[in-house]
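Undergrad: sequence-free structure coming up:
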């Protein structure tokens, strides 16, 4: 047991090494011979499958349809929208040869698919009857990052990208915010992440967007992880691509556009928010295996009893597995902790005589003795409790690292001494945003939507326009 | 109505144009600005989602786990297995630049992932306890085809690829055949395709495999579509990559490997097997929308009645939609036929008074008047009947184009005059296989497993070893 645990670096000693250790020990990923690309192993991919399944339901409920676009973008197509190409061209992978032949025009692998969707929209949008057009795609994108870390920043990214077109500006903005809300609720309720939502600054918004809304999660170490974005494009791409529709009163008009996406980065956020020095802790609602049975001694009768429990849980829709390896109980306990199963249930021959099992909560490591007959009653509510506790715990820690600064000195002092997010009054200028970044290394996270400035800009002392969060980012 | 129908070329006049017309008119795909890549539109992608969902269940039931490997293969990694690289290098897309920088080593986009899986297996396989390792991945691959046709042959292919490792040869061969059987059953029972299964010749087998099993479907025009393969690799890749495991008696041994895959090509097979001059015909078990309601005149009461029926069907798990466009009934009927919904249900005000609907089967275009009250009873069994009828009809047509030839003259005559597959006795030599291809343009489809040669090779007249099918292929 100790052997397993020893191999995980303490998260308070070296958070980066702790993260890497958990990734490996919990069998989530493996490194590959392909620089900057990871292998997502079965346990990690099962989490992604759950995410895809649950989000896809939400997308379909709100009227979106899945499609599949090409993965290649010819250079000339990428070049159609000016800001967009400037934002993405420096970080794309270029395909220059097919077999032995050099291509007439090189193509990049999609870093995002706005231009591909627009190219298609131009053909299929003719009248207001074709709107809104609500599409989504699950796929892989490529961005040629220099430094990579599994799930957080990699060259290949599994994600979904929604792309929609609307008759009016209001409708498109409504869609942008609707999808942001779906992301926010999903991350709070399913992933137990206490995220902050808001608007990106001009400087930080998506290349080609009029406005970008963001989901900002804070990791255990106080560092921000941008965990999903929703963009309102106005008519920018539509004009660049010449996409027009006939309005009900027979006018030609450019449609209003949105796009929105989340990635496997959310798995990184789960790990870095909930995990501890014993390994991964998965929120029950996203855990591929919610209950992990450990028969002590692998006796036939013990296994038989657990199999019955397993079946009863399964009939309630609660997934479980059983550890039948020929290993010591201690080894099995440690492994269950590394893997982060929300609940483990232990049963030995003596427990069986007394007709009880030991239930161990992964979040608190608390042990509860429960009569075998009551397991099926206890487990569902315990899973709820663990889910709620993980959220509350993360919220408490996140809140303990939220600061406000009213002077630049105070801002710089917090930035230097405390990890976390700092909220300030801001004039809205990129100059101040740049200066703050230069002086402190912090980047703007998001403009707070529901709160107005109540004082001068902390940086330049001109009248404040917004409340804004700054923080270090992954 | 006629307008829609007119735009589809008759399949007996020009099958290739018919296919393209159906693809476009049924909104399955769109062409893109990316040569050789297609856009899969919502209706087409919904078919693929059904295929993925159903097959994934079968894979999981048989113990397979999903993973995600990198999409890039560094050139040196592709080069590890000699036959494999010779087979694939001529048709891969090469990435040479990341952003502004030239890569030190170019990488291809995976044309298939054997080498990536082996690179990973080498790290995670240590003992017999790690075997069998049963992995699958849903992803996109790229093969730089010169001539492309949506679903049949494209540069980007959506598929699944299973990769497994076993302790013994027997176990690996068993797996190869198990997955072949799953494909066969799926295509027969769900896609209503009367496929032939067998072994590929040495010449036609997968680059690097010891043996390749194939699923051969025959399209309406008598041309073969290879619709899935399952490969047994022996220890070839394991030796090339140095993958070894410790046996129960502590010996180092190379594991035995398989891989198997099917692609969106199956959608092409559905279209080209079942469709007719009015458009697509979808087998009920794979159709995203099984029942299509058409209110005649869009009267409120009519729509209300159909909505009730829709809900009742939904509670039975039968998907449906309703055409509320402001179009003529004729237009709607034609569109329903183009889209290939298995059943359409029409209701007008006069029908409502008489409390009957008209049910139209897409396979036979037969119209049945059914009391409204009985619709929910009639539809499930009618869907079963349509499914069975589509299979039987395809089987009958397929069988009518199966030939046997006992002399080379006879073979050449059939090859020249009749589309379809020709079965012959064959000596097993590549020389005869090549000569047949040169003389007739036909390629070997598969060696028949359950039948032995009962005469001399039709080509060289030496003793026959196998019964084998030849046919033209897509």
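TA: Received, thanks. Note that the coordinates shown come from a computational prediction; the quantities given were computed from them, not determined experimentally.
Undergrad: C-alpha from now on. contacts and neighbour counts both.
TA: Fine.
Undergrad: Burial check on the closest residue to chain B within the stretch 201-350 of chain A, number of neighbours?
TA: Across the stretch 201-350 of chain A, the shortest distance to chain B (CA to the nearest CA) belongs to residue A:325, at 9.5 Å. Residue A:325 has 13 neighbouring residues, counting by other CA atoms under 10 Å in any protein chain shown.
Undergrad: Equivalent analysis for residue A:143, please.
TA: 24.
Undergrad: is it true that it touches residue A:108?
TA: No - checked against CA atoms under 8 Å, the pair residue A:143 and residue A:108 is beyond contact range at 10.0 Å.
Undergrad: Now do the shared contacts for these two.
TA: A:92-93 (CA atoms under 8 Å, 6 or more residues apart in numbering or on different chains).
Undergrad: Check what contacts stretch A:12-21 and list those residues.
TA: Residues contacting stretch A:12-21 (CA under 8 Å, 6+ apart): A:7-11, A:221, A:271-272, A:277.
Undergrad: One more: stretch A:33-50?
TA: Looking at what lies outside stretch A:33-50 - CA under 8 Å, 6+ apart - the contacts are A:27-32, A:145, A:147-150, A:154-156, A:264, A:267, A:286-288, B:65-70, B:72-74, B:119.
Undergrad: And the residue of the stretch 201-350 of chain A closest to chain B, which helix or strand is it part of?
TA: Residue A:325 is located outside every helix and strand, with elements delineated by DSSP states H and E.
Undergrad: Report the contact partners of residue A:201.
TA: A:444, A:446-447.
Undergrad: again with residue A:411
TA: A:404-405, A:422, A:458.
Undergrad: if we go to 6 Å?
TA: By CA atoms under 6 Å, 6 or more residues apart in numbering or on different chains, the contact set of residue A:411 is residue A:405.
Undergrad: In which helix or strand does it reside?
TA: Residue-wise, residue A:411 maps onto helix A:408-417 under DSSP H and E.
Undergrad: ok, now residue A:135?
TA: strand A:133-142.
Undergrad: And that strand, how far out from the chain middle?
TA: 16 Å (CA atoms, centre = their mean, to the nearest Å).
Undergrad: ok, and does it reach over to chain B?
TA: No - using CA under 6 Å from any CA of the partner chain, strand A:133-142 stays clear of chain B, coming no nearer than 8.2 Å.
Undergrad: For chain A, identify the residue most remote from the centre.
TA: residue A:353 (45.7 Å; CA atoms, centre = their mean).
Undergrad: mind checking how far it is from residue A:369?
TA: 14 Å (CA to CA, to the nearest Å).
Undergrad: Overlap in contacts, these two.
TA: With CA under 6 Å, 6+ apart, residue A:353 and residue A:369 have no common neighbours.
Undergrad: Pull up the residues of chain A that are close to chain B.
TA: A:37, A:39-42, A:45, A:65-70, A:90-95, A:97-99, A:144.
Undergrad: Of these, select the buried ones using a ChimeraX command.
TA: Burial among those is assessed by 16 or more other CA atoms under 10 Å in any protein chain shown; the matching ChimeraX selection reads:
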select /A:37,39,40,41,42,45,65,66,67,68,69,70,91,92,93,94,95,97,98,99,144
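Undergrad: Sort out which residues of the helix ranked longest in chain A are buried, please.
TA: What stands out as the longest helix in chain A, according to DSSP state H, is helix A:375-400. By 16+ other CA under 10 Å, the buried positions in helix A:375-400 come out as A:375-376, A:379-380, A:382-383, A:386-391, A:393-395, A:397-398.
Undergrad: List the contacts of residue A:85.
TA: A:78-79.
Undergrad: Residue A:323 too?
TA: residue A:294.
Undergrad: swap the cut-off to 10 Å and go again
TA: A:292-296, A:298, A:303, A:329, A:332-333, A:335-336 (CA atoms under 10 Å, 6 or more residues apart in numbering or on different chains).
Undergrad: Out of the residues you listed, which one has the lowest pLDDT?
TA: In terms of pLDDT, the least confident member of those is residue A:298, at 81.
Undergrad: Leaving out chain neighbours, which residue sits closest to that one?
TA: The spatially closest residue to residue A:298, leaving aside those adjacent along the chain, is residue A:324, at 6.7 Å (CA to CA, 6 or more residues apart in numbering or on different chains).
Undergrad: looking at it, that neighbour is touching residue A:294, isn't it?
TA: Yes - taking contacts as CA atoms under 10 Å, residue A:324 lies within contact range of residue A:294: 7.5 Å.
Undergrad: between the two, what contacts are shared?
TA: A:303, A:332.
Undergrad: which one of the two has more residues nearby?
TA: The neighbour count for residue A:324 versus residue A:294, taken as other CA under 10 Å, is higher for residue A:294 (25 against 14).
Undergrad: List the buried residues in the one helix or strand the more buried one maps to.
TA: Assigned by DSSP H and E, residue A:294 belongs to strand A:291-295. Using 16+ other CA under 10 Å as the test for burial, strand A:291-295 gives A:291-295.
Undergrad: again, but for stretch A:154-172
TA: Those would be A:154-169, A:171-172, for stretch A:154-172 by 16+ other CA under 10 Å.
Undergrad: Measure how far that stretch is from the centre of its chain, please.
TA: Worked out by CA atoms, centre = their mean, stretch A:154-172 lies 16 Å from the chain centre.
Undergrad: do stretch A:310-318 as well
TA: Distance, centroid of stretch A:310-318 to centroid of chain: 29 Å (CA atoms, centre = their mean).
Undergrad: can you list the residues that contact that stretch?
TA: Taking CA under 10 Å, 6+ apart as the rule, stretch A:310-318 contacts A:284, A:288-293, A:304, A:306-309, A:319-322, A:375-377, A:379-380, A:383.
Undergrad: Repeat the analysis, applying 8 Å as the threshold.
TA: A:290-291, A:319-321, A:376.
Undergrad: a markdown table for these, including pLDDT and distance to residue B:227?
TA: Putting the contacts of stretch A:310-318 into a markdown table (pLDDT from 0 to 100; distance: CA to CA, whole Å) gives the following:
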| residue | pLDDT | distance to residue B:227 |
| --- | --- | --- |
| A:290 | 98 | 38 |
| A:291 | 98 | 40 |
| A:319 | 98 | 34 |
| A:320 | 98 | 36 |
| A:321 | 97 | 35 |
| A:376 | 97 | 46 |
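Undergrad: Can you tell me which of those is nearest residue B:187?
TA: residue A:319 (30.2 Å; CA to CA).
Undergrad: Tell me who's in contact with residue A:274.
TA: A:220, A:280-282, A:390, A:394.
Undergrad: oh, I was asking about residue A:23
TA: With CA under 8 Å, 6+ apart, residue A:23 has these contacts: residue A:29.
Undergrad: Next, find the distance separating it from chain B.
TA: 15 Å (CA to the nearest CA, to the nearest Å).
Undergrad: Can you mark which positions in the helix or strand harbouring that residue are buried?
TA: Using DSSP H and E, residue A:23 maps to helix A:15-25. Neighbour-count burial for helix A:15-25 flags A:18-19, A:21-23, A:25 (criterion: 16+ other CA under 10 Å).
Undergrad: closest to chain B among those residues?
TA: residue A:25 (12.4 Å).
Undergrad: returning to what we had before: could you tell me the angle between the longest helix of chain A and strand A:291-295?
TA: 120 degrees (axes from the mean of the first three to the mean of the last three CA atoms, to 10 degrees).
Undergrad: Could you list the paired strands of the next helix or strand after helix A:375-400 along with their orientation?
TA: Later in the chain than helix A:375-400, the nearest helix or strand by DSSP H and E is strand A:402-404. Strand pairing for strand A:402-404, determined by DSSP bridges: strand A:421-426 (parallel).
Undergrad: what's next to the partner strand, contact-wise?
TA: With CA under 8 Å, 6+ apart, strand A:421-426 has contacts from A:222-224, A:401-406, A:411, A:414-415, A:432, A:453-459, A:463-472.
Undergrad: So which of these are in strands?
TA: A:224, A:402-404, A:466-471 (DSSP state E).
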